[in-house]
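Have a look; sequence and predicted model below, questions after that.
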Amino acid sequence: MYHFFVQQDQIGETTVRITGTDVNHIKNVLRMGPGEEILLSNGVDKDYLCEILSITSDEVSAKILEIREGGTELPVEIYLFQGLPKSDKMELIIQKAVELGVFKIIPVETKRAVVKLDKKKEESKIKRWAAVSESAAKQSKRLLIPEVTGVKTLREAFEYAKEFDILLLPFEHAEGMVHTREIVSRITPGMKVGIFIGPEGGFEDGEVELGESYGAHTITLGKRILRTETAGLFVLSVLGFQLESV
């Protein structure tokens, strides 16, 4: 079933109006028509199973068949602080992180990051990254579209996350898996969790020390060395498995 997002003011008591670029997609790309069912989300807390009533050049009208609350979101807010990777790896990271339930993604400048974005490039990248997040949210039937913020320095990122319930920083010299399991077991529903992932080459020791000064827990992800585009997804998978409600 095709999935789209709408604003709260587009939702009435019995019908929903779809406007903007989704109209063209529904009408001319998907070639849908009256009587077909679609899933709409308000981007906050509700899904609406709807039946298309009519389609014009600038609006789709749909009848609400069923309202669903909760559902697909994890019971924790997970923030992924991702060191800027090379080439188009960030798009893959965003796509898969959204599928795995991330709440927000924050790109981070680090000392070993090869990629450096000026303001013009950053604005263009953020626009593209937002589109990737929206597409992945539709595909995975998320209730919300995870925001991809502007790029932050590592210190700005830790300042942003300093009031979170727990911060995880995978590091190759961290203590063994027993320690990691104990830290991860502390995460319970309702928490805000920050995951800090370095770029290719990882974090420098001084950056790890900075994280620890903000209360971040260094953890290991096992005996294998994971790429930057794999590490965050590994942690998200572990947390999803541990916390996913049935």
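All right, it came through fine.

right, and the helix or strand after the longest helix along the chain?
When the chain is scanned for its longest helix (criterion: DSSP state H), the result is helix 119-139. As assigned by DSSP states H and E, the chain's next helix or strand after helix 119-139 is strand 147-148.

pLDDT averaged over that next one - what is it?
Per-residue pLDDT over strand 147-148 has a mean of 96.

Any chance you could list what contacts the next helix or strand along the chain from it?
Under the assignment DSSP H and E, the closest C-terminal helix or strand after strand 147-148 is strand 152-153. Defining contact as Cβ atoms under 8 Å, 6 or more residues apart in numbering, one finds that strand 152-153 is touched by 81, 106-109, 160. To be clear about C-beta, it is placed using only N, CA and C from the backbone, and glycine gets the same treatment.

what sits against residue 220?
Neighbours of residue 220 in contact, by Cβ under 8 Å, 6+ apart: 170-172, 174-177, 179-180.

Might you specify the subset of the residues you listed located within helices?
Those of the contacts of residue 220 lying in helices (DSSP H): 177, 179-180.

Need the buried ones from the residues you listed selected in ChimeraX.
A single ChimeraX command is used to select the members of the ones in helices among the contacts of residue 220 judged buried by 16 or more other Cβ atoms under 10 Å:
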select :180
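
so how far is residue 65 from the residue nearest to residue 27 when sequence neighbours are not counted?
Once flanking residues are discounted, residue 27 sits nearest to residue 55: 5.2 Å by Cβ to Cβ, 6 or more residues apart in numbering. Applying Cβ to Cβ, to the nearest Å, the value for residue 55 to residue 65 is 17 Å.
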